[in-house]
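Colleague: From the sequence below, what's the structure:
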Amino acid sequence: MREAINLPTHKITLYSSLVRTEGKYVFLSGCVGIREDGALGDSFREQTELAIHNMKTALAAANSDINHIARIIVFLTDYENMKEFNDIYKTHFSSLPPARSCIFVGLAPGYLVELNVTA
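Modeller: Alright, predicted model coming up:
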C-alpha cells in the first residue's frame, strides 16, 4: 500500500510532496523555504528555518516527526552557506541526528536550500 499526501504549499502536480508506505516509511519530496502564502523566504537563514518548519509540518501530516527521520539529503546553492546551515540544523537535531548528505546544486531562481527526507 502506498499513500500520497499533498500539502497546501505543494503547487507542482508531477510528483507527490509526501508518500507514506505500509505505515513504516515516509518519503518527503524537497522541502524548500517558502511561507504558507507561497512567498519565498528573504534570506538564507529564513529559507532554512522555513524548510525545516515545512518538513516538520509535512511529517506531522503523515503522523510522523523529526525523531523518525533516518536520512536527510540537503541541497544548497552556495558552499559559503554551509556553516550557517549547520548552526541552524544542530538546533533541531541535537541528539541522534539522522544520516545526512549535502549536495551543492543549482536550484530554481531565488531558492537557496532544499531538504529531501526519509523517515
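Colleague: biggest helix in the protein by residues?
Modeller: helix 44-61 (DSSP state H).
Colleague: Share the number of residues neighbouring residue 82, please.
Modeller: Neighbours of residue 82 under the rule other CB atoms under 10 Å: 13. (Each C-beta comes from the backbone N, C-alpha and C, glycine too.)
Colleague: With residue 113 instead?
Modeller: 27.
Colleague: returning to that earlier point: from the middle of its chain, how far away would the longest helix of the chain be?
Modeller: Relative to its parent chain, helix 44-61 has a centroid offset of 6 Å by CA atoms, centre = their mean, to the nearest Å.
Colleague: Of all the residues in that helix, which ones are buried?
Modeller: 44-45, 47-52, 54-56, 58-59, 61 (16 or more other CB atoms under 10 Å).
Colleague: Kindly indicate which of these lies nearest residue 92.
Modeller: residue 52 (5.6 Å; CB to CB).
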